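Enquirer: Provide a 3D model corresponding to the input given below.
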Amino acid sequence: MSTHFSFRSARWTALLVVVLALVLALASLLPQGSALSVSPFVVTLCGKYLSYALLALAVDLVWGFAGILTLGHAAFFALGAYGMGMYLTRAIGARGVYGNADLPDFMVFLSWHRLPWYWWGSDHFLVGVVLMLGVPAVLAGLFGWLAFRSRVSGVYLSIITQALTYALMLAFFQNGLGFGGNNGLTGFKDVLGFDLTAPSTRAVLLALTGVILGAVLMGARALMGGRYGRVLVAVRDTESRTRFLGYRPEQVKLVVWIVSALIAALGGALYVLQIGIVNPGEFAPANSIEAVIWVAVGGRGTLTGAVIGAVLVNFGKTLFTAILPEFWLYGLGALFLATTLFLPNGVMGLLRHVPRKRDEEVTPEITNPEGSNA
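Expert: Numbering: from 1, shown residues only. Down below sits the predicted model:
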């Protein structure tokens with residue numbers, strides 16, 4: 001598939017996402033019963049799909065362009081959700097069950113007498129944004145620096161990323177950590193003073209999610225289409241040769257790793273705004289594996305494929321679980337096997353026969369399908 005087509009499709013996909021999100025948001029504000037109206041359930045569902053698309057895009061950056069098969073990106077998604085959830089929880093104030101303006105309900109229930117230091121300032125939106133993006137970025141930077149500096153790669157790196165998210169899941173299940181234990185954070189009422197249950201707020205959140213996804217998609221297109229993207233692909237395919245040319249592969253990979261963590265965290269924050277709950281289950285390794293499947297189905301290394309895969313698979317999940325919920329995991333496994341065997345380049349690979357305009361616009365083939373950097 002040509003770079004020209006892949007990046008041109010990313011531009012049109014970004015535009016399409018923004019337009020559809022705006023149209024659905026406006027349609028949701030029409031009177032119920034109107035032929036063009038959209039129910040609040042559909043608005044929330046579409047917002048969830050677009051949030052998942054941000055996670056898929058983050059995975060595509062590190063797997064499709066850097067060759068790093070991550071099985072732990074749900075950790076950054078969940079941390080972003082918890083960061084936003086902390087602000088939303090503090091915004092409840094004295095309107096909680098126990099009427100305590102200083103402590104969340106779950107802390108009052110557990111007989112806590114003071115707010116933990118890491119909750120300080122979380123009642124301010126800007127502090128919530130710092131928690132939402134800063135914590136995942138710092139964690140990603142520390143983890144990536146240690147892993148890439150030690151030249152851990154391939155299946156070993158994949159296992160370590162999975163261990164990271166599993167360890168965080170176990171930690172957040174503990175009541176003593178101060179994040180609501182297995183119940184997580186919920187019962188949110190408003191954001192910046194706007195009622196989260198109001199149709200107008202839900203419409204704005206859907207439109208905002210679509211605009212942010214479109215902007216991130218265009219940003220990723222610019223990053224991967226430039227000099228840095230070409231160096232990253234070179235590191236993916238021939239790391240030792242790139243090192244001999246004077247580049248520092250560990251630094252190149254660290255940049256995309258942190259950027260992808262930020263994108264995943266942003267998706268998590270938008271997710272919790274629309275779903276209204278976040279719990280330790282978001283850290284589950286299965287969620288990270290599902291994100292990998294989304295990218296595989298759409299086509300990795302294409303950007304657009306990540307968005308398509310996330311929306312298609314989750315739409316299928318919505319339909320499948322409504323009919324045969326107990327068989328969904330079997331269906332997901334069958335989908336992954338079918339994609340691997342019959343559609344190795346995903347949905348976007350169906351367009352691989354599109355004529356190329358110039359030879360230099362050909363995307364280098366992915367030579368390490370297992371995610372190794374050898």
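
Enquirer: alpha carbons of stretch 310-324, as PDB, please.
Expert: Provided in PDB are the C-alpha atoms of stretch 310-324 (Å, rounded to 0.1, in the frame of the first residue of the first chain):
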ATOM      1  CA  ALA A 310     -12.000  -0.300  16.500                       C
ATOM      2  CA  VAL A 311     -15.400   0.900  15.300                       C
ATOM      3  CA  LEU A 312     -16.100  -2.300  13.300                       C
ATOM      4  CA  VAL A 313     -15.100  -4.800  16.000                       C
ATOM      5  CA  ASN A 314     -16.900  -2.900  18.800                       C
ATOM      6  CA  PHE A 315     -20.000  -2.500  16.700                       C
ATOM      7  CA  GLY A 316     -19.900  -6.200  16.100                       C
ATOM      8  CA  LYS A 317     -19.400  -6.800  19.800                       C
ATOM      9  CA  THR A 318     -22.500  -4.700  20.600                       C
ATOM     10  CA  LEU A 319     -24.600  -6.800  18.200                       C
ATOM     11  CA  PHE A 320     -23.000 -10.200  19.100                       C
ATOM     12  CA  THR A 321     -23.300  -9.700  22.900                       C
ATOM     13  CA  ALA A 322     -27.000  -8.800  22.500                       C
ATOM     14  CA  ILE A 323     -27.700 -12.100  20.800                       C
ATOM     15  CA  LEU A 324     -25.200 -14.600  22.200                       C
END
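
Enquirer: any idea how many residues pack against residue 259?
Expert: 19 (other CB atoms under 10 Å). Every residue, glycine included, has its C-beta placed from N, CA and C.

Enquirer: how about it: what's its closest non-neighbour residue?
Expert: Once flanking residues are discounted, residue 259 sits nearest to residue 61: 6.6 Å by CB to CB, 6 or more residues apart in numbering.

Enquirer: same check on residue 29?
Expert: Closest to residue 29 by CB to CB, 6+ apart is residue 203, at 5.5 Å.

Enquirer: residues contacting that neighbour?
Expert: Residue 203 makes contacts with 25-26, 28-29, 43, as judged by CB atoms under 8 Å, 6 or more residues apart in numbering.

Enquirer: and for residue 293?
Expert: 309, 313, 332, 335-336, 339.

Enquirer: likewise for residue 192?
Expert: With CB under 8 Å, 6+ apart, residue 192 has these contacts: residue 125.

Enquirer: show me where the protein has strands.
Expert: With DSSP state E, the ranges of strands along the chain come out as 185-186, 190-191, 194-195, 277-278.

Enquirer: run the chain-centre distance for the first one.
Expert: So the one you mean is strand 185-186. 20 Å (CA atoms, centre = their mean, to the nearest Å).

Enquirer: what is the mean pLDDT for stretch 226-240?
Expert: Model confidence over stretch 226-240, given as mean pLDDT, is 94.

Enquirer: doesn't residue 256 make contact with the residue nearest to residue 259?
Expert: Yes - the pair residue 61 / residue 256 is scored as a contact, 5.5 Å apart, by CB atoms under 8 Å.

Enquirer: more neighbours: these two, which one.
Expert: Shown here are residue 61 and residue 256; by other CB under 10 Å, residue 61 has more neighbours (30 against 24).

Enquirer: most centrally placed residue in the protein?
Expert: residue 55 (1.7 Å; CA atoms, centre = their mean).

Enquirer: who's in contact with that one?
Expert: Counted by CB under 8 Å, 6+ apart, residue 55 has contacts 73-74, 77, 263-264, 267-268, 291, 310.

Enquirer: go again using 10 Å as the cut-off
Expert: Residues counted as contacts of residue 55 (CB atoms under 10 Å, 6 or more residues apart in numbering) are 73-74, 76-77, 80, 260, 263-268, 271, 287-288, 290-291, 294-295, 306, 310.

Enquirer: same check on residue 161?
Expert: 62, 68-75, 143, 147, 257, 285, 288.
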